[in-house]
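K.L.:
Quick one: sequence plus predicted model below, questions after.
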Amino acid sequence: MIVLFGVFLLTLMVITALAIVRTQHLFVAVILTGIFSLLMAANFFLLDAADVALTEAAIGAGISTVLFLGALALTGEHERVSSSNRLLALSVVAVTTLIVIYATFDKPHFGDPLAPVHQHVAPWYLERTPEVIDIPNVVTAVLASFRGYDTLGEVFVVFTAGIGVLFLFGARPRRKSGSPGIKVAEPGQGLRHYLIPRVVGRLLIPFILLFGLYVQFHGDYGPGGGFQAGAIVAAAFILYALLEGEAQALRVLPQRLLTGLIAGGALLYGAVGVAGMLLGGNFLDYSVLAADPITGQHIGILLIEAGVGIAVTGVLLSVFHAFAGRRRR
Amino acid sequence: MLLDIASWALLSIGGIFVFIGGVGALRMPNLYTRIHAASLTDTMGAVLIIVGIMLQAGVSLAAVKLAAILLFLLLTSPTASNALASAALLAGLRPGDTVATHEEQSE
Amino acid sequence: MALALGRALLGPSVYDRVLAANMFGTKTVLLLSVIAFLYGRPDFLDLALAYALINFIGVLAVLEFIRRRASNDTAINGIDP
């Protein structure tokens, strides 16, 4: 039954992917990309990977689409037809595909309990988590504690991406000097004159924020954690910016605060690591943060997830404002 | 037992509504009729399906979450359709046109 | 869901595709809730809830984009005759 769903979803994904490649109208490609991400999230969900599915749905299907649209607003809408050497590209792709398909012959069957993946590391994590960390969600335990150093790298990747975009775009959009003499409705007004979406949207924003906080702190017990929560909180503020206009949103959360959030989140993560060192353990060793090592683990995981969430929110909002705050030249 | 029958009935009817919505969205001649088909059946189908599942859940945290999903869908889905229709209207797509005539007019 | 995808691929105008994307999102939320429930994993309902909210925001973003593009065109080309 699940296999049937899975095959159905994969078929839809192939069709969507072909459509994305073939269309020349970039706006259509963006919407189809959103649908593709959603199909991928459903696929992850079928494979029982709830955390990944939540992250893919929140970021890939939601925020990415908004950011792509922001970029499209600044550039043209049709793809330039590039006439390059088709035959060479096609042959490279065909050879690579054949190699990959050949490689899959050796893979263990889907869900095989005797596969190497399930023999060495996974049972160790599953056994050690109740002893050492004692939280029900093993994914968060692995992400935040056993592999905390990798997650530190991820936070810094997100941080670097945010800083990179801010360097390229500048934190404040430059005002175009000598605007045309035609009176046009100020684009920064947002969807103000649509009354119904505005009312419903304003009603929903506190609930979205509440849900984001729930996902953040519930990450120990169910799917969730810093990345997903950061995306959801950023989505709430993006909704506010869409409804009330850019200027108002920048008054509520000024750019300096957002930059502070980006740096602060990464700093928090690093600080927890250094605190571990100062208290006598290794870098990012949470057991020494409190008298009882398990409580120390809990505190450590809570703090670094908060750091991740803050950094992700800051980066997504900064990128959104960088794109959306500029007018088309 | 009665609960099971009721929830399967609701789920099936909800599924039929959703399917009708899909067919409607594909076959209707015009944008506005498509919006009408899609959003009405979407919302009704969602209500039926989620209530069907809620009957299975009994009184539990899952039921509260399902109620929250239902509430959000009821709030957001019609709003999105309204916004879509307003946007199309403001862009000048009149309800009587098919899209082909609209594009001819703005040539 | 396949039908919605069909509309997304075919839709002659921009708004058709947005409609299809929104419909798709709602169907996915429903599908996720049903599967989450049938396979006895009520935790996954969080996922459906998150996507219901995100879908809504996505649709509004698309509409804002279209509106902004229209007003930009007017600014660059002069008032549309």
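P.N.:
In hand now; what should we look at?

K.L.:
Give me the neighbour count for residue B:78.
P.N.:
16 (other CB atoms under 10 Å in any protein chain shown). Heads up, the C-betas are built off the backbone N, CA and C, glycines and all.

K.L.:
what do you get for residue A:157?
P.N.:
Count around residue A:157 with other CB under 10 Å applied: 10.

K.L.:
Point out the other helices and strands that the helix or strand where it lies packs with.
P.N.:
According to DSSP states H and E, residue A:157 maps onto helix A:148-169. With contacts defined as 3 or more CB pairs under 8 Å, 6 or more residues apart in numbering or on different chains; DSSP states H and E, helix A:148-169 has these neighbours: helix A:255-278, helix A:293-324.

K.L.:
For residue B:36, find the nearest of these.
P.N.:
helix A:293-324 (31.4 Å; CB to CB).

K.L.:
Next, see if the closest one gets close to chain C.
P.N.:
No. Using CB under 8 Å from any CB of the partner chain, helix A:293-324 stays clear of chain C, coming no nearer than 8.7 Å.

K.L.:
and that helix, how far out from the chain's middle?
P.N.:
Helix A:293-324 sits 12 Å away from the centroid of its parent chain (CA atoms, centre = their mean, to the nearest Å).

K.L.:
quick one on the thing from earlier: what's in contact with the helix holding residue A:157?
P.N.:
A:143-144, A:259, A:262-263, A:265-266, A:269-270, A:273, A:283-284, A:286, A:300, A:304, A:307-308, A:311-312, A:314-315, A:318-319, A:322-323, A:326 (CB atoms under 8 Å, 6 or more residues apart in numbering or on different chains).

K.L.:
Just the buried ones from those residues?
P.N.:
Of the members of these, the ones counted as buried by neighbours, 16 or more other CB atoms under 10 Å in any protein chain shown, are A:143-144, A:259, A:262-263, A:265-266, A:269-270, A:273, A:284, A:286, A:300, A:304, A:307-308, A:311-312, A:314-315, A:318-319, A:322-323, A:326.

K.L.:
Residue numbers of chain B in contact with chain A?
P.N.:
B:72, B:75-76, B:79-80, B:82-83, B:86.

K.L.:
relative orientation of the helix holding residue A:157 and helix A:293-324 in degrees?
P.N.:
20 degrees (axes from the mean of the first three to the mean of the last three CA atoms, to 10 degrees).

K.L.:
Report the inter-axis angle for helix A:148-169 versus helix A:255-278.
P.N.:
Using the same axes, to 10 degrees, helix A:148-169 lies at 160 degrees relative to helix A:255-278.

K.L.:
Now do helix A:148-169, average pLDDT.
P.N.:
The pLDDT scores in helix A:148-169 average 87.

K.L.:
Centre of the chain to the helix or strand following it, how far?
P.N.:
Downstream of helix A:148-169, the first helix or strand assigned by DSSP H and E is helix A:195-217. Computed by CA atoms, centre = their mean, the separation of helix A:195-217 from the middle of its chain amounts to 18 Å.

K.L.:
right, and the helix or strand after helix A:195-217?
P.N.:
helix A:226-244.

K.L.:
Any part of that next one near chain B?
P.N.:
No. Using CB under 8 Å from any CB, helix A:226-244 stays clear of chain B, with a minimum separation of 10.4 Å.

K.L.:
and that helix, anywhere near chain C?
P.N.:
Yes. Counting by CB under 8 Å from any CB, chain C has neighbours in helix A:226-244: A:228, A:232, A:235, A:238-239, A:242-243.

K.L.:
what about dumping the CA coordinates of that helix to CSV?
P.N.:
What follows is helix A:226-244 as a C-alpha-only set of coordinates in CSV (Å, rounded to 0.1, in the frame of the first residue of the first chain):
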residue,chain,number,x,y,z
GLY,A,226,15.6,24.6,15.2
PHE,A,227,15.6,24.6,11.4
GLN,A,228,11.9,23.9,11.0
ALA,A,229,10.9,26.4,13.7
GLY,A,230,13.2,29.1,12.2
ALA,A,231,11.5,28.6,8.9
ILE,A,232,8.0,28.8,10.4
VAL,A,233,8.7,31.9,12.4
ALA,A,234,10.3,33.6,9.3
ALA,A,235,7.2,32.6,7.4
ALA,A,236,5.0,34.4,9.9
PHE,A,237,7.0,37.6,9.5
ILE,A,238,7.0,37.3,5.8
LEU,A,239,3.2,37.0,5.9
TYR,A,240,3.2,40.2,7.9
ALA,A,241,5.5,41.9,5.4
LEU,A,242,3.2,40.8,2.5
LEU,A,243,0.1,42.1,4.2
GLU,A,244,1.4,45.4,5.6
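
K.L.:
now it against helix A:293-324, angle please.
P.N.:
30 degrees.

K.L.:
Leaving out sequence neighbours, find the closest residue to residue B:76.
P.N.:
residue C:56 (3.9 Å; CB to CB, 6 or more residues apart in numbering or on different chains).

K.L.:
could you give the angle of the strand or helix carrying the one you found to helix A:226-244?
P.N.:
Using DSSP H and E, residue C:56 sits within helix C:45-77. Using the same axes, to 10 degrees, the inter-axis angle of helix C:45-77 relative to helix A:226-244 is 40 degrees.

K.L.:
which strands and helices sit next to helix C:45-77?
P.N.:
So helix C:45-77, by 3+ CB pairs under 8 Å, 6+ apart, packs with helix A:26-46, helix A:50-55, helix A:64-74, helix A:195-217, helix A:226-244, helix B:61-90, helix C:14-38.

K.L.:
Quick one: distance of the next helix or strand after the third one to the chain centre.
P.N.:
Along the chain past helix A:64-74, the next helix or strand (assigned with DSSP H and E) turns out to be helix A:86-104. Relative to its parent chain, helix A:86-104 has a centroid offset of 30 Å by CA atoms, centre = their mean.

K.L.:
Show me the shaky parts of chain C.
P.N.:
C:1-21, C:23-25, C:28-43, C:69-81 (pLDDT under 70).

K.L.:
Please work out which residue of it is closest to chain A.
P.N.:
residue C:54 (3.4 Å; CB to the nearest CB).

K.L.:
wait, that residue sits on residue A:64?
P.N.:
No. Assessed by CB atoms under 8 Å, residue C:54 is found out of contact with residue A:64, at 10.6 Å.

K.L.:
Which of these two has more residues huddled nearby?
P.N.:
residue C:54 (28 against 19).

K.L.:
From residue A:105, how far out is the more buried one?
P.N.:
Distance, residue C:54 to residue A:105, by CB to CB, to the nearest Å: 39 Å.

K.L.:
closest to residue A:71 out of the helices and strands packed on helix A:148-169?
P.N.:
helix A:293-324 (5.7 Å).

K.L.:
List the buried residues for the helix holding residue C:56?
P.N.:
For helix C:45-77, the neighbour count (16+ other CB under 10 Å) marks C:45-72, C:75 as buried.

K.L.:
picking up where we left off before, for the residue of chain C closest to chain A, which non-adjacent residue is closest in space?
P.N.:
residue A:62 (3.4 Å).

K.L.:
For the one helix or strand residue A:15 maps to, what is the distance to the chain centroid?
P.N.:
Here residue A:15, judged by DSSP H and E, is contained in helix A:2-22. Distance of helix A:2-22 from the chain centroid (CA atoms, centre = their mean) equals 22 Å.

K.L.:
Show me what it is packed against.
P.N.:
Checked by 3+ CB pairs under 8 Å, 6+ apart, helix A:2-22 has helix A:26-46, helix C:2-10 packed alongside it.

K.L.:
hang on, the residue nearest to residue B:76 packs against residue B:79?
P.N.:
Yes. At 7.2 Å, residue C:56 counts as touching residue B:79 under the criterion of CB under 8 Å.
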